[in-house]
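Novice: how would this look folded up:
(one chain, ligands or ions: 1)
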Amino acid sequence: MPAPLEDVADALRRMMDLLLRVDDDPALGHITSELHAVSDLLEAEFDDERPFDKMLHSDAPRHDPVSGVENAIAPPIVVEVDSDGTAHAEVDFGLPYQGPKGLLHGGISALFLDHVLSLANSNNRSGVDNGFLVTAQLSLRYHKPVPLFERATVSARQTSIDGRKVRAAGEISVGGEVAVSAEGLFIATRIRPADVPGDKGGA
Ligand SMILES: CCCCCCCCCCCC(=O)SCCNC(=O)CCNC(=O)[C@H](O)C(C)(C)COP(=O)(O)OP(=O)(O)OC[C@H]1O[C@@H](n2cnc3c(N)ncnc32)[C@H](O)[C@@H]1OP(=O)(O)O
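Specialist: As a prediction, the model looks like this:
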C-alpha cells in the first residue's frame, strides 16, 4: 500500500493534469482558495529539516523529478535493471510534459534520459572513484517526435569506465522505434558520499 506522502503526491498529479484540461474561468478563484487552504495545512507541518536532507537520507530515489514517488512533478517511472546492466522504464507521458501540441517537450526527453543513464551507471561502479557520479556532458539526437499518451520505453546502458569518467548511452523508443537517443559522460566528484553528514550513498 502506498505511503501517505505518495498518496498526496498522486492526488497532486491528478490536479496538475486536470488544470491543463480546464478553460480559464472566474469560478477557478474558488479552487485557488481551496488549494491555498490545503497548502496552509501542509506549511504548519514543516520541521526545520532542510528539504534536500530527505533526499540524501533516502535509500532509493523518492524526491527526484523522474522516479520520485513523493514528487508530483515525476510521473513517476519505475526503473528496472536487467542482469546485463540495461536500465529501462516504461512511461506514458501526459499533458504536464507537453511541448509541441500532442508531443513530448524535448527538455523532458533530456531529463528522463539523463536520469536513466545515471541509473545504468550506478548499477556498475567497479573501478570508479567513490564520488557522486554527476552528468558532465549529455548529447541528444531527436530522431522523431514522442507522442503523448503512448507507451514509451526509456532505456540505457553503461558503455565505458575510465577512472573517474563513466559513459552511458540510451534511447527513448515508441512502438519499437528510436525517437530520441543520448550519449552521456558522467564524472565521479571529488566530494564523496562519506563526506556528506548522514548520507547513505546516493547517486
Ligand atoms: C538516493 C539517490 C537518488 C538519486 C536520484 C537519481 C539522480 C539522477 C541524477 C541525474 C544526474 C544529474 O543530474 S547530475 C547533476 C548535473 N551535473 C552537475 O551538476 C555537474 C556539474 N559539474 C561538476 O560538478 C564538475 O564540472 C565535474 C564534477 C563534472 C568535473 O569537475 P572536476 O572534478 O573538477 O573535474 P576535473 O578534475 O577538472 O576533470 C576530470 C576529468 O574529466 C574531464 N572533464 C571534466 N569536466 C568535463 C566535461 N564537462 N566534459 C568533458 N570532460 C570533462 C577533465 O578533462 C578530466 O579528464 P582527464 O584529464 O582526467 O582525462
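
Novice: What is the least confident helix or strand in this structure?
Specialist: helix 51-56 (a mean of 64; mean pLDDT, DSSP states H and E).

Novice: Skip the chain neighbours and tell me the closest residue to the residue positioned nearest the centre of the chain.
Specialist: Taking CA atoms, centre = their mean, the centroid of the chain lies closest to V66, which sits 1.5 Å from it. Using CB to CB, 6 or more residues apart in numbering and skipping the chain neighbours, the partner closest in space to V66 is H115 (4.1 Å). (Glycine included, C-beta is placed from N, CA and C.)

Novice: which SS state does the one you found fall under?
Specialist: Recorded secondary structure, H115: helix (DSSP: H, G, I helix; E, B strand; the rest coil).

Novice: State the number of residues packed around it.
Specialist: 26 (other CB atoms under 10 Å).

Novice: now it: how far from V180?
Specialist: The gap separating H115 from V180 is 13 Å, by CB to CB, to the nearest Å.

Novice: ditto for A44
Specialist: A44 is 43 Å from V180, by CB to CB.

Novice: Those two - which one has more neighbours?
Specialist: Comparing A44 with V180 by other CB under 10 Å, the one with more neighbours is V180, at 24 against 7.

Novice: Need the CA coordinates for the strand or helix carrying that one. PDB is fine.
Specialist: For V180, the host element (DSSP states H and E) is strand 177-188. Only the C-alpha atoms of strand 177-188 are listed here, as PDB (Å, rounded to 0.1, in the frame of the first residue of the first chain):
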ATOM      1  CA  GLU A 177      11.400   2.700 -33.000                       C
ATOM      2  CA  VAL A 178      14.100   5.000 -31.500                       C
ATOM      3  CA  ALA A 179      12.700   8.600 -31.100                       C
ATOM      4  CA  VAL A 180      15.500  10.100 -29.100                       C
ATOM      5  CA  SER A 181      19.000   8.800 -28.500                       C
ATOM      6  CA  ALA A 182      21.500  10.000 -26.000                       C
ATOM      7  CA  GLU A 183      25.200   9.700 -25.000                       C
ATOM      8  CA  GLY A 184      26.400  10.900 -21.600                       C
ATOM      9  CA  LEU A 185      29.600  11.400 -19.800                       C
ATOM     10  CA  PHE A 186      29.400  11.200 -16.100                       C
ATOM     11  CA  ILE A 187      32.300  12.100 -13.700                       C
ATOM     12  CA  ALA A 188      32.800  11.000 -10.100                       C
END
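
Novice: Could you list the buried residues of stretch 90-108?
Specialist: Within stretch 90-108, the residues scored as buried using 16 or more other CB atoms under 10 Å are 91, 93, 96-97, 103-105, 108.

Novice: right, and the helix or strand after the least confident helix or strand of the chain?
Specialist: strand 80-81.

Novice: same for that next one, what does it pack against?
Specialist: Where contact means 3 or more CB pairs under 8 Å, 6 or more residues apart in numbering; DSSP states H and E, strand 80-81 is packed against strand 87-92.
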